[in-house]
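Asks: sequence first, predicted coordinates after that:
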Amino acid sequence: MECPRCHKMFQSHSIGEHTVDVCESCDGMLVQQKHLIRLLETIYAGIAAAGEGCIEEQPAKVPDQGGGLSCPLCGETMGNSGYQGTHVVFIDRCSSCWLLFIDGGEVGPMAMLHARTTHHVESNRAFQSEWVAGFVRRHWVGPSV
Ligand SMILES: [Zn+2]
Ligand SMILES: [Zn+2]
């Protein structure tokens, strides 16, 4: 499948026990809606393990890159709406395939929003993949030197 944002081919990566498709050009990722919560918990565990992210503060708004994307699976136009009804992160969603496209830079703030609503922190959750650690660094902590 190709990225609906920039039309490069997705690469598969494991986050926890799930496989997600990531575009290595724009860092956008394709996630099945049913896997979203576990994914955000894993990403948040990485943010917390890095000593980053303040659960007391609402994450800053991420500038949206625009909706109207075509679903890479069925070709329908994806909806574009604020995650959790906030105006912090806008995600693209195919209502036929239950598929979400999360632009690069959005998954970290989404993980923070999720952590703020659940208030449960499981910092020892499986977070052992080098790739996940690198991804969290790029998306939240900033590029490693
Ligand atoms: Zn892309
Ligand atoms: Zn679709």
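Replies: Done, it's in. Ligands and ions are numbered 1, 2, ... in the order given.

Asks: hang on, residue 4 packs against residue 69?
Replies: Yes: at 4.0 Å, residue 4 counts as touching residue 69 under the criterion of Cβ atoms under 8 Å. No exception for glycine: its C-beta is placed from N, CA and C like everyone else's.

Asks: strands of the chain, start to end?
Replies: Secondary structure of the chain (DSSP state E): strands at 11-15, 18-22, 29-32, 79-82, 90-94, 99-102.

Asks: contacts only, for the most centrally placed residue in the chain.
Replies: With distances taken as Cα atoms, centre = their mean, the chain has residue 107 as the residue nearest its mean C-alpha position (2.8 Å). Going by Cβ atoms under 8 Å, 6 or more residues apart in numbering, residue 107 touches 29, 39-40, 43, 139.

Asks: among the residues you listed, which are in helices?
Replies: Using DSSP state H, the members of the contacts of residue 107 that fall in helices are 39-40, 43.

Asks: remind me which residues of the chain are low pLDDT?
Replies: 119-131, 140-145 (pLDDT under 70).

Asks: how about the residues of it by ligand 2?
Replies: Along the chain, the residues adjacent to ligand 2 under the rule Cβ under 5 Å from the ion are 71, 73-74, 94, 96-97.

Asks: widest-spaced pair of those residues?
Replies: Greatest spatial distance in the residues of the chain next to ligand 2: 73 and 96, 8.2 Å, computed using Cβ to Cβ.

Asks: where do the helices sit along this structure?
Replies: All helices of the chain, identified by DSSP H, fall at 36-49, 107-118, 130-136.

Asks: what sits against the nearest residue to residue 43 once chain neighbours are set aside?
Replies: Closest residue to residue 43 apart from its sequence neighbours, by Cβ to Cβ, 6 or more residues apart in numbering: residue 111 at 4.0 Å. By Cβ under 8 Å, 6+ apart, the contact set of residue 111 is 40-41, 43-44, 47, 53, 140.

Asks: what about residue 111, distance to ligand 1?
Replies: Distance of residue 111 to ligand 1, given as Cβ to the ion, to the nearest Å: 20 Å.

Asks: if we can go back for a sec, any chance of the contacts of residue 107 in a markdown table, with distance to ligand 1 too?
Replies: A markdown table is the format used below for these (distance: Cβ to the ion, whole Å):
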| residue | distance to ligand 1 |
| --- | --- |
| 29 | 9 |
| 39 | 18 |
| 40 | 20 |
| 43 | 19 |
| 139 | 14 |
